[in-house]
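Student: Got a predicted structure here, sequence first:
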Amino acid sequence: MVEKIKITDEFMRQTLAKGKQYFLVIYKKGGGVDFTKEEADKIQWDHLRYLFGLRAQGNLLLNGLVSDNQEFTGIGIFNSSDKEEIKRWMDEDPLIKVGKRSYELYPYFGIPGDRLS
């Protein structure tokens, strides 16, 4: 049985005090770059490998696809408040390097320990 937590003002103050600045990245479709299916598959696989590496290093906390959207293709939340650092990471992403994706960065305030289940 899951214990119910009483959501008091004090509980909220304590929880919010643990909050931290992160950055949210929104992947957007890139320009009209054409690749063969084999080339596109390799670039996609390299992109995923790159993201898995960022996750393994603790730099990327959450990432995934956005479906049914004509402009946005994915999101990520980075474990950093340094926008220039994240730009360097993003500019090394294989999908960004070849122009298949672009991105936007936004400051994001979150509570450590939040998660998908």
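Tutor: Cool, the structure landed. Numbers count the residues shown, from 1 in each chain.

Student: Determine the set of other helices and strands touching the biggest helix by length in the chain.
Tutor: Secondary structure assigned by DSSP state H gives helix 37-56 as the longest helix of the chain. Secondary-structure packing of helix 37-56 (3 or more Cβ pairs under 8 Å, 6 or more residues apart in numbering; DSSP states H and E): strand 60-65, helix 94-97. Glycine gets a C-beta too; all of them are placed from N, C-alpha and C.

Student: what's the most buried one of these?
Tutor: Neighbour counts (mean count of other Cβ atoms under 10 Å) averaged over each of these peak at helix 94-97, with a mean of 19.

Student: any idea how far it is from the chain center?
Tutor: With Cα atoms, centre = their mean, to the nearest Å as the basis, helix 94-97 stands 15 Å off its chain's centre.

Student: now do stretch 48-59
Tutor: Taking mean C-alpha positions (Cα atoms, centre = their mean), stretch 48-59 and its chain are 11 Å apart.
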